[in-house]
Each structure stands twice: as C-alpha cells, then as structure tokens.
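Asks: Model the structure of this input:
(one chain, ligands or ions: 1)
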Amino acid sequence: MGREAASAFARWFVLERFPVRVELVAVCDLQDALLDWFRQIPTVRLFTKDHRELLASPDVDVVYVAVPHHLHESIYLEVLAAGKDLLAEKPFGIDLAAARRIRDAAATSGRFVRCSSEFPFLPGAQRVIDVARSGKLGRLLEVHSCFWHASDLDPSKPVNWKRQVKYCGEIGVMGDLGLHVAHIPLRLGWNPARVYSQLQKVYTERPDGKGGFAACDTWDNAQLHCDLEVSGSTVPMRLEMKRLAPGATNTWWVEVLGTEGGARYSTAEPKTLWTFERQKEQRWIRVDLGFQTPFPTITGGIFEPGFPDCFLQMWAAYAAERDGALDGRFGCVTPDEAVRSHELFAAGLESHRTRAAVAV
Ligand SMILES: NC(=O)c1ccc[n+]([C@@H]2O[C@H](COP(=O)([O-])OP(=O)(O)OC[C@H]3O[C@@H](n4cnc5c(N)ncnc54)[C@H](O)[C@@H]3O)[C@@H](O)[C@H]2O)c1
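Replies: Sure thing, here's the model as predicted:
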C-alpha cells in the first residue's frame, strides 16, 4: 500500500485547481527491494529502515503508515509524539482498546488524524450517498454494505500475516475489510444499536512457503446483522466482510433500500449505478457513470475510474480537510468513526461467543 500511496502522490498534478501540493519526501520499509523501488521517485530524499529516522525529519509533515496490524498502535503513537499528522491504515489498531488509546492520543496531540477507506470516493459510491441523503428514500427498509474477496478459496495460497491472529488481530477479516464497509453507514448516521454476528473459519492451516504448513487462525468470513434505530423504527443493516466469496476479486458494494427510493453500487460493475424509484410503476434505473469524482481531475467525464483513482481521491480528501478546504465533501474516516467500527467488531466477537445479539 505504500507504493499505492506513492503512485497517488506522483500524479497529484491531475487534480484540477487543488489547493494543496503534496510531495513524497521520505520512505521507510524493512525490505531493501522495496526501498530500491522508491528510488525511482525523484522527490524522495530519505530512505530508511528505521521509522524513527523518518519521524525525526523536519521535511515530513504527514505520515502514512501501512504496516501489519500488530504494529499500528505503537507506530501511530510515535507519529503523533513526533508532532506529525497521520493517515492511518485500517484497522485503527489491532483491537478496540488500541483504537481507543490511539483516538485519545490523537485528540491530546491536536494532530490531524484520519483512517484509510477509499471506496466511498468512487463516483458510484458518492451517488449512493447522495441518494441516502436526498430525503427521497421514504421509510428506510434495509442497508447492505459488503466487501468480498475470493483468492483465499485456493487452499494452496501460502499463509501471510493477514491470516494469523498475532499479526492481524482476533477480529481477523473484520480488521482487514471492516472499516471499508462501516465508513458510509457511520457517516450517514446509521449507527447500530445491536449486532448479531456469524463468523466463519474455514481453512485452519496453509502452506508456509517453506515446504510445511502454518496455522491460519483468523476469521475468514464475518457477517454482522445489525439493528439500526431510524425514525422510531428498527431497520436491518448487514455488514459483510468475506475472504471466501466465490468469484469476487475485491468486490465492494453498497445498497440502500427505502419505500420510495433506493440505490445500489458495486465495484464489480464500476460504471454502473442502479437507482430505484417508486412511482405509478416501480423501476430500477441503470445509469452508465463516468468520471464524476469528488475532486475534479483532467480525466474526461466519460472515462471509467478504478482503484488507483479512488485512492488518489481519498488522499485528496485528506489533504483538503487538513487544509480546511473539504467544502462539504465526503471526508476520510475520523478517529471516532474508526473507534466505533472497532466497537462493532468487538460486539461481533462477543455475539459469536454467546450466539446472541449484543448491544453496541
Ligand atoms: N486501503 C486499502 O485498500 C488496503 C489494502 C490492503 C492493505 N491495507 C492495509 O495496509 C496495511 C499494510 O498492508 P499491505 O497489504 O500493504 O501489507 P504488506 O505486507 O504488503 O506490506 C507491509 C509492509 O510493511 C513493512 N514493514 C513491516 N514492519 C515494518 C516496520 N517496523 N517499519 C517499516 N516497515 C515495516 C514490510 O516490509 C512491508 O513492506 C495494513 O494495515 C492493511 O490492512 C489497506
């Protein structure tokens, strides 16, 4: 993900009339090969394997930290102690207690801190948000927010740190994919009152890449069935985080249904927005979207956006908000929202243990 961030900064000039300039000046990684990759970027002045050296650099204003989850809390706290602003990768710490400590340290430090979640910055996702905020849904019926992967269906895929609790956390797939599905609902004020979870662990070991096998002890799939209390009614919301979703390569999708209107968007069909209208006849309308990103770029309006584009847009939202120039646009995940997502994941673990709904 560090290289994805470098890619976003390297084409910052595509943003039109953007108030902030961004320059990648320092990189840190433990691997020589990765540090060497960054040497092709002319603005980088510091290459180091010691993040403390990077944090000591007066040239650095903002730090993006994309490391395994067991390192999040300690490095995030060091970033804040060094007086730098932070774009944290998700999850916001390895568990709820860590998330609360990071949020509290962020508040005390006064630094600008946000957490990563890029898919809401796609044009289709923005349109779903617009529909949800339009007041034209009628009575809210249900909400689905889902993120599906499939490569773990292959049992010969070697283990990595994301499949092991000691590095990824007990929340497993919820820590990996959960903030991506919680961002829009939480920003829209759809804050679950109760959670009933279904967690699945299907593959318990995987090849270790050295001829043997290693334990694979994280949750593969998680479904959080949530109750929202909206205008005096209890409304179901399902949050799905899956590493075992047949056929899905990074498919993020969101659907909002009401009695009068609705909207649905999936990265599986990146140009397609579906909206629902109930008039004399009921109809789902398919719109072929273009490049209507929140922050305009030089890319023509008919072209289709993808992952690198929403990642750039997320960074633009971070930089704009930090500069006081978000101007009402959708912003990156706040520390409070990140903590709230952890409260949902902790409730998910508790619900699975007790096989009962848990108040959040
Ligand atoms: N926003 C997204 O869409 C998205 C996608 C994938 C991963 N992520 C998140 O990004 C983070 C990293 O995931 P990844 O897929 O890039 O993992 P990765 O394993 O590919 O990369 C992690 C990097 O951290 C380096 N590293 C480990 N310890 C370090 C230390 N002490 N100092 C400096 N560097 C260190 C490793 O050498 C490695 O290059 C995780 O939090 C993950 O959840 C976000």
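
Asks: what does the stretch 1-150 of the chain have sitting close to the ligand?
Replies: Contact residues (Cβ under 6 Å from any ligand atom) of the stretch 1-150 of the chain with the ligand: 1, 28-31, 34, 51, 66-69, 71, 89-90, 116, 118. (Each C-beta comes from the backbone N, C-alpha and C, glycine too.)

Asks: can you rerun that using 5 Å?
Replies: Neighbours of the ligand within the stretch 1-150 of the chain, by Cβ under 5 Å from any ligand atom: 1, 28, 29, 30, 31, 51, 66, 67, 89, 116.

Asks: Which members of the residues you listed are classed as buried?
Replies: 28, 29, 51, 66, 67, 89, 116 (16 or more other Cβ atoms under 10 Å).

Asks: and the residues you listed, which of them are in strands?
Replies: Among these, DSSP state E puts residue 28 in strands.

Asks: Stretch 110-126: which residues count as buried?
Replies: So stretch 110-126, judged by 16+ other Cβ under 10 Å, has buried residues 111-126.

Asks: Can you tell me the SS state at the residue located most distally from the centre of the chain?
Replies: Here the centre of the chain is the reference, and by Cα atoms, centre = their mean the most remote residue is residue 280, at 38.8 Å. With DSSP: H, G, I helix; E, B strand; the rest coil as the basis, residue 280 sits in coil.

Asks: Look up the pLDDT of it for me, please.
Replies: Per-residue pLDDT puts residue 280 at 94.

Asks: Over to the one 3 residues further on?
Replies: Here the pLDDT value assigned to residue 283 is 97.

Asks: Isn't it up against residue 276?
Replies: Yes - the pair residue 283 / residue 276 is scored as a contact, 7.3 Å apart, by Cβ atoms under 8 Å.

Asks: The stretch 151-300 of the chain: strands as residue ranges?
Replies: 194-200, 205-207, 213-215, 221-230, 233-242, 251-258, 261-266, 272-278, 282-288 (DSSP state E, counting those that start in this stretch).

Asks: Of residue 283 and residue 276, which one has the most company?
Replies: Comparing residue 283 with residue 276 by other Cβ atoms under 10 Å, the one with more neighbours is residue 276, at 19 against 11.

Asks: Need the nearest residue in space to that one, chain neighbours excluded.
Replies: Leaving aside its sequence neighbours, residue 276 sits nearest to residue 262 (Cβ to Cβ, 6 or more residues apart in numbering; 3.6 Å).

Asks: Enumerate every residue touching that neighbour.
Replies: By Cβ atoms under 8 Å, 6 or more residues apart in numbering, the contact list for residue 262 reads 131, 137, 141, 255, 256, 275, 276.

Asks: Of these, keep whichever come out buried.
Replies: So, by 16+ other Cβ under 10 Å, the buried ones in those are 131, 137, 255, 256, 275, 276.

Asks: farthest-separated two in the residues you listed?
Replies: The span of these, defined through Cβ to Cβ, is set by 137 and 255 at 11.8 Å.

Asks: next one: stretch 150-159 to chain centre, how far?
Replies: Distance, stretch centre to chain centre, for stretch 150-159: 22 Å (Cα atoms, centre = their mean, to the nearest Å).

Asks: between the top helix by length along the chain and strand 221-230, how many degrees?
Replies: Longest helix of the chain, by residue count under DSSP state H: helix 335-354. Counting by axes from the mean of the first three to the mean of the last three Cα atoms, to 10 degrees, helix 335-354 lies at 110 degrees to strand 221-230.

Asks: Can you check what angle separates helix 335-354 from strand 233-242?
Replies: 80 degrees.

Asks: what comes up buried for helix 335-354?
Replies: Residues 335, 337-352 are the ones in helix 335-354 that count as buried (16+ other Cβ under 10 Å).

Asks: what is the rounded mean pLDDT of it?
Replies: Mean predicted lDDT for helix 335-354 stands at 98.

Asks: Against which helices or strands is it packed?
Replies: helix 96-109, strand 113-115, helix 173-187, strand 194-200, strand 221-230, strand 358-359 (3 or more Cβ pairs under 8 Å, 6 or more residues apart in numbering; DSSP states H and E).

Asks: Helices - which of the residues of the stretch 1-150 of the chain next to the ligand land there?
Replies: Among these, the members falling in helices are residue 51 (criterion: DSSP H).

Asks: can you redo the residues of the stretch 1-150 of the chain next to the ligand as TSV with pLDDT?
Replies: Formatted as TSV, these follow (pLDDT from 0 to 100):
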residue	pLDDT
1	98
28	98
29	98
30	98
31	98
51	98
66	98
67	98
89	98
116	98
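
Asks: Any regions of the protein where pLDDT drops low?
Replies: By pLDDT under 70, the chain has no low-scoring segment.

Asks: Give me the distance between the residue nearest to residue 206 when sequence neighbours are not counted and residue 222.
Replies: Leaving aside its chain neighbours, residue 206 sits nearest to residue 159 (4.0 Å; criterion: Cβ to Cβ, 6+ apart). Per Cβ to Cβ, to the nearest Å, residue 159 is found 19 Å from residue 222.
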